[in-house]
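Asker: Sharing a model that was predicted from the sequence below.
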Amino acid sequence: MLLMFLIAIFFSGFIIRNFEIAYEKNIDGTNSFEFEYVMNSWWLVVITMTTVGFGDGYPSTFFGRLIGMVVCIIG
């Protein structure tokens with residue numbers, strides 16, 4: 001069960017980051033958003049799966065939110 005939990009965290013974090021990375025860009029083309037680092041995405045997945053839900057990070061795109069919902073159900 002722990003292995004499945006870790007695999008879900010790993011892949012879900014990457015999926016959320018990839019969907020969110022193209023969403024917010026500054027005028028100069030640089031990214032300054034919550035999921036710039038994959039560790040932030042993994043943090044979001046762990047907090048969602050354990051149903052703590054601090055609310056300090058959340059996806060902004062449709063697909064990011066969809067993966068967040070799936071992660072919530074898996075958790």
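Answerer: Looks like it arrived, so ask away. Residues are numbered from 1 along each chain as shown.

Asker: Tell me the buried residues in the longest helix along the chain?
Answerer: Determined from DSSP state H, the single longest helix within the chain is helix 2-21. For helix 2-21, a neighbour-count test (16 or more other Cβ atoms under 10 Å) marks Ala8, Ile9, Ser12, Gly13, Ile15, Ile16, Arg17, Phe19, Glu20, Ile21 as buried. (Glycine included, C-beta is placed from N, CA and C.)

Asker: which ones are touching the closest residue in space to the first one that isn't next to it in sequence?
Answerer: In space, and not counting its chain neighbours, Ala8 is closest to Ile74: 5.6 Å by Cβ to Cβ, 6 or more residues apart in numbering. For Ile74, the set of contacting residues under the criterion of Cβ atoms under 8 Å, 6 or more residues apart in numbering consists of Ala8, Ser12, Met49.

Asker: Is it correct that the last one is in contact with Gly75?
Answerer: Same thing as Met49. Yes - if you go by Cβ atoms under 8 Å, Met49 and Gly75 touch, sitting 3.1 Å apart.

Asker: roughly how far apart are Ile16 and Met39?
Answerer: 12 Å (Cβ to Cβ, to the nearest Å).

Asker: Then Ser12?
Answerer: In terms of Cβ to Cβ, Ser12 sits 13 Å off from Met39.

Asker: How about Val46?
Answerer: Taking Cβ to Cβ, one finds Val46 at 10 Å from Met39.

Asker: what about Asn40, helix or strand, and which?
Answerer: Per DSSP states H and E: Asn40 is located in helix 38-49.

Asker: Beyond that helix, next helix or strand please.
Answerer: According to DSSP H and E, the helix or strand after helix 38-49 is helix 62-74.

Asker: Could you list the buried residues of that next one?
Answerer: Buried-residue list, helix 62-74, by 16+ other Cβ under 10 Å: Gly64, Ile67, Gly68, Val71.

Asker: which ones are touching the third one?
Answerer: What it means is Gly68. Gly68 neighbours (Cβ under 8 Å, 6+ apart): Ile16, Leu44, Thr48, Tyr58, Pro59.

Asker: could you redo the last one with a cut-off of 6 Å?
Answerer: Gly68 makes contacts with Pro59, as judged by Cβ atoms under 6 Å, 6 or more residues apart in numbering.
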